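*Asks:* please find the sequence and the predicted model below.
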Amino acid sequence: MTTIAITGIGGFIGLRMAQRARELGWQVRGLDVSPAAAQRAREQGAEVFVGDINDAVLLQRCFSGADIVFHTAAIVEEDGARELYERVNVEGTRSVCRAAEAQAVRQLVQLSSVMVYGFGYPDGVTEEGPFRDDGNIYNETKLRSERVALEFHRPGRFEVIVIRPGDVYGAGSVPWVLRPLQLLKQGLFMLPDGGRGVINHVHVDNLLDGVFLALERKAGGECFTISDGVATECREFFAYHARLLGRERVPTAPGALLIAVVGLLAWLYRLLGRKPPASAAGIHFLRRRGAYSIEKARRLLGYEPAVSLEEGMRGVARELS
């Protein structure tokens, strides 16, 4: 029986992977820093350890006897304190790889992000880059973390695969479903520049299809961009969210104005000791213009996205109703 160990197992992607692995008859275990998230995974039949991603003893226990490690644990925010990103995204990846290698794990999937290409990437950018962080700590540490992971790749012994997902959505997605819905309800969500920026969406099940194909093809040492293969304008993508709330559309404003307003709001919230609802850096994520190529995944893995945006959003509506 195949055993998979999942870091960040109680998160949106980790939990869906746990469900699918269980459906295949695999043994599932994992690690999560949140007791509540760990409990969600236990309810799916997984054995779960609660603790820090840099706890070497805990990682060894979690990975003991595992065939595959799926590393999803990361700080996924638009910006924040450098120390936290360094400790979790970069050093956490190093700790995971070191422990997995020591426990004779055969394959490790490092979940990276298309944000390694930055905000101003060329249309049709491939896995060869160019790479840029554009001064954003999330972009920077995701790129560094995948490079750390690939340093551990040992052909035929410890195979490391890097997956760069697009904007992962589904009913449990915080950045692309839950947070926009919450901000829309509060009247705090607006799209920059008429909503002409694009979302390179990928339904969570399409993403995991790509992951399973990479594992089956034993594609160690390779990086793959996985998305739905289309770039949808923000105004079209978030119109689904507006309709869920009985509204016609999402309001828009000039990007430069939104950056200034959001920056002021963030300053006011911090004065009050509260977490800002959005950040100026977040506006840049909604101003991207190009598509990411998935031709490598199609060619080497036989990947084809099965869930369309319309079908995926119908699923979101059903699960959230």
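*Replies:* Looks like it arrived, so ask away.
*Asks:* and the longest helix for this protein?
*Replies:* Of all the segments of type helix in the chain, defined by DSSP state H, the longest one is helix 255-271.
*Asks:* assign the residue nearest to Asn136 when sequence neighbours are not counted to helix, strand or coil.
*Replies:* Leaving aside its chain neighbours, Asn136 sits nearest to Ala281 (5.9 Å; criterion: C-beta to C-beta, 6 or more residues apart in numbering). C-betas here are computed from N, CA, C, even on glycine. Secondary structure, DSSP: H, G, I helix; E, B strand; the rest coil: Ala281 is helix.
*Asks:* just the pLDDT at Ala99, thanks.
*Replies:* On pLDDT, Ala99 comes in at 98.
*Asks:* quick one: contacts for it?
*Replies:* Ala99 is in contact with 56, 59-60, 62-63, counting by C-beta atoms under 8 Å, 6 or more residues apart in numbering.
*Asks:* just Ile68 next, same as before
*Replies:* Ile68 is in contact with 2-5, 105-109, 215, counting by C-beta under 8 Å, 6+ apart.
*Asks:* returning to that earlier point: packing partners of the longest helix of the chain?
*Replies:* Applying 3 or more C-beta pairs under 8 Å, 6 or more residues apart in numbering; DSSP states H and E, we find helix 255-271 packed against strand 191-192, helix 280-285.
*Asks:* quick check: ChimeraX command selecting the buried ones in the contacts of Ala99.
*Replies:* Only the buried entries of the contacts of Ala99 go into this ChimeraX selection, using 16 or more other C-beta atoms under 10 Å:
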select :59,62,63
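*Asks:* out of the contacts of Ala99, which is nearest to Leu257?
*Replies:* Closest approach between the contacts of Ala99 and Leu257, by C-beta to C-beta: Leu59, at 46.1 Å.
*Asks:* three-state assignment of the closest one?
*Replies:* For Leu59, the assignment made with three-state DSSP gives helix.
*Asks:* which of the helices and strands packed on helix 255-271 sits closest to Gly170?
*Replies:* helix 280-285 (17.8 Å).
*Asks:* which residues touch that closest one?
*Replies:* Here helix 280-285 makes contact (C-beta under 8 Å, 6+ apart) with 78-79, 119, 134, 136, 192, 255, 258-260, 262-263, 266.
*Asks:* alpha carbons of it, as PDB, please.
*Replies:* What follows is helix 280-285, C-alpha atoms only, in PDB (Å, rounded to 0.1, in the frame of the first residue of the first chain):
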ATOM      1  CA  ALA A 280      -1.400  47.300  -1.500                       C
ATOM      2  CA  ALA A 281       0.700  44.300  -2.600                       C
ATOM      3  CA  GLY A 282      -2.500  42.400  -3.200                       C
ATOM      4  CA  ILE A 283      -3.600  44.800  -5.900                       C
ATOM      5  CA  HIS A 284      -0.600  43.700  -8.000                       C
ATOM      6  CA  PHE A 285      -1.900  40.200  -8.000                       C
END
